[in-house]
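Colleague: Need the 3D shape of this:
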Amino acid sequence: TENTEGLGCSTINEHTQAKGHYCHQNRWVGLQQRRRSPAYQSTSENQAQTKRRCKIWREMCQLLGMNAALPTNFSFSFTGFAKRGGCSDKHCDGWGIAFYEGRGLRTFLDPAPAAHSPIATLVARYPVKTHNMMAHIRYATIGNGGALENVHPFTRELWGIHFCFSHNGDIPNFSKCNPPMLGKTCETGGDCLMYNPVGDTDSESVFCAILNALKAEFCSLPTLPVLYEFLQKLCNEIVKENDGTIFNFLLGCGEFTLFAFSWPGSRPGSDVWNALYYTLRKPPFTTASLIDCDYMMDFSKVNTPLDSVAIIATKPLTKDEDWIEMKKGELLLFDKGRPYSAAHHIDEIEKQGRGLFTKVKSMQRIIVSEISHDSKEIIAGQ
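Modeller: Residues are numbered from 1 along each chain as shown. Purely as a prediction, here's the structure:
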């Protein structure tokens, strides 16, 4: 196995460089300095260079998510994923990670390439376990690549719950100055919008639109089946124009719940397929080897029969595990390391007391009056 010390790459062979799968530290520093200069940002050269860059690479960001039945360490998967941020791949415009610790959400964001980031090295060594996490490595196409405000995951509070969001793709409608509104916010004309983007990305813009639609739709905390159904409607609304939209995202909704949606595709003239894949690690556990570095893990030695872990990624991370590509338009809810989409399965998760949780008392009273008799007994037992 390979120790996680030193995520960066000090050497680049000619073949890798010719393919474009690199991000040398000097190249990255020079690129950021040019982007931050007023002359670069205020002239048409900015747009021209951005277009040439997209034409050459036709690349997009990458996502990583983990959902687990028991608190689980994510260092193995994150180590391989971080290598793609400037070492084994060219996603060098920043990286971020968010993971839940109880009701709290710990985040690390860095505009530097993950493979060269001391913060990423710290996170890879960090002895933390969580039920729910997501990470993102950025290849900037919209918004300043050197700006911290454009680094995913984005986070907001809704209903007394930390929500976090990471996106891969292009959403042309949400890269405009006045992006469309979703759900009931269309009826109010935007007068009551609570969430607004801080940065310049279509990703943060659509995240805010989703949260505004959720707030407009529900005056009390929805159950998981109701939330799933409404999120599916919003996703259908976002991709309905089919105007080159590529929309893959991870949405964390508290300690246990992770949603994943896939509307895959490639940019015109590109053979880079942007989708979402997942693999399930469950008993009997086996060994797995990372694609992006020489690192192998025997999960039978670190997991118990009660463990179950789902890993979601833009591209498979390991050589010897079965990775399933999500279907186009598919929305999955991950709980206890398993994917769900059927209403009766999601309802069972709610009845087990693993739905959304808030300490907002007015919402709690409404929830108890609306949920089923079985769920009331579970809550009473707690």
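
Colleague: Partner strands of the helix or strand hosting residue 136, with direction?
Modeller: Assignment of secondary structure by DSSP states H and E places residue 136 within strand 130-137. Sheet pairing of strand 130-137 (DSSP bridges) gives strand 62-72 (antiparallel), strand 95-101 (antiparallel).

Colleague: Identify the residue nearest residue 238 in space, chain neighbours excluded?
Modeller: Distances taken as CB to CB, 6 or more residues apart in numbering put residue 247 closest to residue 238, at 6.1 Å, once the chain neighbours are dropped. Any C-beta I mention is one placed from the backbone N, CA and C, and that applies to glycine too.

Colleague: Strand 95-101 and the helix or strand hosting that neighbour, what's the angle between them?
Modeller: With secondary structure defined by DSSP H and E, residue 247 is part of strand 246-253. Taking axes from the mean of the first three to the mean of the last three CA atoms, to 10 degrees, strand 246-253 and strand 95-101 form an angle of 30 degrees between their directions.

Colleague: Begin at 662, not 1, for the rest of this chat.
Modeller: Fine by me, first position is 662 from now on; the one you just mentioned is strand 907-914.

Colleague: what's the offset of the following helix or strand past strand 907-914 from the middle of its chain?
Modeller: Per DSSP H and E, strand 907-914 leads on to strand 919-924 as the next helix or strand towards the C-terminus. Offset of strand 919-924 from its chain centre (CA atoms, centre = their mean, to the nearest Å): 9 Å.

Colleague: could you give me the average pLDDT of strand 919-924?
Modeller: Mean pLDDT, strand 919-924: 98.

Colleague: same thing with stretch 792-812?
Modeller: Here the average pLDDT along stretch 792-812 is 82.

Colleague: show me where the stretch 912-1043 of the chain has strands.
Modeller: 919-924, 938-942, 948-950, 957-959, 970-974, 985-986, 991-996, 999-1001 (DSSP state E, counting those that start in this stretch).

Colleague: Tell me which strands the third one pairs with, and in which orientation.
Modeller: Sheet pairing of strand 948-950 (DSSP bridges) gives strand 957-959 (antiparallel).

Colleague: Give me the distance between residue 891 and residue 881.
Modeller: Distance, residue 891 to residue 881, by CB to CB, to the nearest Å: 13 Å.

Colleague: Same check on residue 976?
Modeller: According to CB to CB, residue 976 stands 39 Å off from residue 881.

Colleague: Check residue 986 too.
Modeller: Separation of residue 986 from residue 881 (CB to CB): 36 Å.

Colleague: mind listing what residue 1006 touches?
Modeller: With CB atoms under 8 Å, 6 or more residues apart in numbering as the criterion, no residue contacts residue 1006.

Colleague: and with 10 Å instead?
Modeller: Listed by CB atoms under 10 Å, 6 or more residues apart in numbering, the contact set of residue 1006 reads 885, 886, 994, 996, 999, 1000.

Colleague: Local confidence estimate at it?
Modeller: The predicted local distance difference test score for residue 1006 is 97.

Colleague: out of the strands of the stretch 912-1043 of the chain, nearest to residue 820?
Modeller: With CB to CB as the measure, strand 919-924 is the member of the strands of the stretch 912-1043 of the chain nearest residue 820 (15.3 Å).

Colleague: Which one's more surrounded, residue 976 and residue 881?
Modeller: residue 976 (19 against 16; other CB atoms under 10 Å).

Colleague: can you pull out the helices in the stretch 812-961 of the chain?
Modeller: Across the stretch 812-961 of the chain, reading from the start of the chain, the helices by DSSP state H, counting those that start in this stretch fall at 846-849, 863-878, 885-900.

Colleague: Mean neighbour count and distance to residue 739 for the ones you listed - can I get that in TSV?
Modeller: Converted to TSV, the helices of the stretch 812-961 of the chain look like this (neighbours: other CB atoms under 10 Å; distance: least, CB to CB, whole Å):
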stretch	mean neighbour count	distance to residue 739
helix 846-849	14	35
helix 863-878	23	20
helix 885-900	19	26
